[in-house]
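Asker: my questions concern the predicted model and sequence given below.
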Amino acid sequence: MTTTPKKIVVTGIGATTPLGGTARESWDALLRGESGVRPLEQEWVAAHELPVTFAAQAKVPAADVLSRQETKRLDPSAQFALIAAREAWQDAGAPDTDPVRILVDYATGIGGLWTLLDAWDTLREKGPRRVLPMTIPMIMPNSAAAAVSMEVSARGGARTVVSACASGTEALANAYEHLQLGIADVVIAGGTEAVIHPLPIAAFASMQALSKRNDDPARASRPYDVNRDGFVLAEGAGAVVLETEEHALARGARIYAELAGGSVTSDSYHITAPDPEGSAAARAMKTAIEQAGATPEDVSHINAHATSTPVGDIAEYRALARIFGDHLPIIPVSATKASTGHLLGGTGALEAIFTILAVSERVAPPTINLDEQDPEIPLDVVTEPRPLGDGPLLAISNSFGFGGHNSVAAFRSY
């Protein structure tokens with residue numbers, strides 16, 4: 001990186017989520033304390049006798065937004081990515097920038113799963129001649145990044161990171177680094193996922209990772225609650241447009257916030273379980289805060305990973321305690337997966353948008369479904385929209401994924 005860090009700013013946001021078809025609709029629903037979790041009405045739920053019968057599906061189906069040709073040529077994961085990216089690009093004013101100075105950093109945790117499994121069914125039931133020729137480009141994990149790059153004519157690169165549930169945040173961390181290195185003036189970054197399918201539901205349920213509150217889906221995701229019993233599978237995508245401050249000011253762009261830091265570490269501990277000591281997760285937070293030229297005492301808000309799993313929530317608390325110490329009890333913490341469910345590779349991008357809007361609009365969003373807080377996690381959890389006050393704000397958004405992947409993004413009010 002250069003010796004003098006550049007200021008990186010956010011000029012556009014876009015999302016399609018279980019709460020709404022746009023970033024703004026999703027944010028407004030989040031502030032109202034809504035839940036995007038609903039029973040699944042597909043026939044395959046009963047056909048496969050799934051132990052979990054609910055999820056957080058996108059509120060606006062991709063087919064309602066995209067053309068028929070786009071839905072036929074893109075896996076649902078890339079469809080969501082394209083919708084979010086289009087909104088973000090237009091929100092940023094569609095920057096008139098040399099295409100070779102535009103870069104895409106887009107992520108997914110799993111990729112084109114629906115296309116892959118549908119093609120396998122077709123092969124078994126109808127034979128090889130009926131397998132669609134577009135199958136390979138639709139199942140590629142880089143399909144979303146490619147679609148976004150073609151949408152905005154990005155010729156500076158279309159890069160894909162796949163790091164489970166840390167993917168979306170790691171894409172932002174990569175974008176931060178790429179802008180600091182000077183290889184682009186504008187980066188569109190984000191993450192997507194579309195795997196509400198019987199196989200992942202069965203597999204996640206088998207490993208005891210999913211909530212099984214089939215009788216009360218809207219209250220199933222309950223981070224920090226003593227009765228939490230697992231996460232809720234969700235789908236959707238988020239995208240942000242990032243630029244150097246110099247480039248944004250030169251074109252008169254509106255600026256939401258500053259991306260002040262982005263870091264990546266790994267536990268090297270276990271393929272699914274987080275390191276219970278949280279040392280690497282804590283180091284990711286520390287690095288992002290240091291990149292922002294700040295100290296832990298400067299942090300005024302945290303969007304926690306907080307999946308609602310019994311083990312994961314405590315592990316993250318221990319990591320937070322390592323970094324923030326006596327300052328931790330006075331930091332407002334939001335656990336937005338209570339409303340959205342867990343978008344896997346897309347969750348970091350969506351929660352980054354929520355963090356950007358939190359520092360931009362100076363309000364911490366609520367955490368719903370917290371009836372009795374776990375005494376082992378004594379955080380100041382925000383349960384109603386809370387003003388964040390005057391003066392400079394610094395917030396972090398945490399993401400941790402299977403494989404021991406940790407990524408943190410830091411955002412400063414502008």
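Answerer: That came in fine, so what should we check first? For clarity, every value in this text was computed on a predicted model and none was experimentally measured. Numbering: from 1, shown residues only.
Asker: how about the strands in the stretch 51-200 of the chain?
Answerer: For the stretch 51-200 of the chain, strands defined by DSSP state E, counting those that start in this stretch occupy the ranges 54-55, 102-108, 158-161, 186-193.
Asker: only C-alpha atoms, please: export the longest one in CSV.
Answerer: Extracted in CSV, the C-alpha atoms of strand 186-193 (Å, rounded to 0.1, in the frame of the first residue of the first chain):
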residue,chain,number,x,y,z
VAL,A,186,-14.1,2.9,-8.7
VAL,A,187,-14.9,-0.5,-7.3
ILE,A,188,-18.3,-2.2,-7.1
ALA,A,189,-18.2,-4.7,-4.3
GLY,A,190,-20.6,-7.0,-2.6
GLY,A,191,-21.9,-10.5,-2.1
THR,A,192,-24.8,-12.8,-3.0
GLU,A,193,-26.4,-16.1,-2.2
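Asker: contacts only, for residue 156.
Answerer: By C-beta atoms under 8 Å, 6 or more residues apart in numbering, residue 156 lies in contact with 99, 100, 101, 102, 103, 183, 184. Bear in mind the C-beta positions are built from the backbone N, C-alpha and C, glycine included.
Asker: rewinding a little: using JSON lines, lay out the strands of the stretch 51-200 of the chain together with mean neighbour count and mean pLDDT.
Answerer: Formatted as JSON lines, these follow (neighbours: other C-beta atoms under 10 Å; pLDDT from 0 to 100):
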{"stretch": "strand 54-55", "mean neighbour count": "26", "mean pLDDT": "98"}
{"stretch": "strand 102-108", "mean neighbour count": "31", "mean pLDDT": "98"}
{"stretch": "strand 158-161", "mean neighbour count": "22", "mean pLDDT": "98"}
{"stretch": "strand 186-193", "mean neighbour count": "35", "mean pLDDT": "98"}
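Asker: out of the contacts of residue 156, which are buried?
Answerer: 101, 102, 103, 184 (16 or more other C-beta atoms under 10 Å).
Asker: need the max-distance pair from those residues.
Answerer: Taking C-beta to C-beta, the two most distant members of the buried ones among the contacts of residue 156 are 101 and 103; they sit 7.9 Å apart.
Asker: now for those two: what residues contact both?
Answerer: What both residue 101 and residue 103 touch, as defined by C-beta under 8 Å, 6+ apart, is the set 156, 184, 186.
Asker: relative to residue 152, how far out is the last one?
Answerer: By that I understand residue 186. Distance of residue 186 to residue 152, given as C-beta to C-beta, to the nearest Å: 9 Å.
Asker: so what sits against both of those two?
Answerer: Here residue 186 and residue 152 have residue 102 as joint contacts, going by C-beta under 8 Å, 6+ apart.
Asker: how about the helices of the stretch 101-250 of the chain, start to end?
Answerer: 113-126, 135-139, 143-152, 167-181, 198-206, 245-250 (DSSP state H, counting those that start in this stretch).
Asker: now distance to residue 26 too, for those, in a markdown table please.
Answerer: As requested, these are exported to a markdown table (distance: least, C-beta to C-beta, whole Å):
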| stretch | distance to residue 26 |
| --- | --- |
| helix 113-126 | 22 |
| helix 135-139 | 26 |
| helix 143-152 | 19 |
| helix 167-181 | 14 |
| helix 198-206 | 23 |
| helix 245-250 | 24 |
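Asker: now distance to residue 16 too, for the strands of the stretch 51-200 of the chain, in TSV please.
Answerer: As requested, the strands of the stretch 51-200 of the chain are exported to TSV (distance: least, C-beta to C-beta, whole Å):
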stretch	distance to residue 16
strand 54-55	15
strand 102-108	14
strand 158-161	19
strand 186-193	9
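Asker: without its sequence neighbours, what residue ends up closest to residue 273?
Answerer: Nearest non-adjacent residue to residue 273, counting by C-beta to C-beta, 6 or more residues apart in numbering: residue 311, 6.6 Å away.
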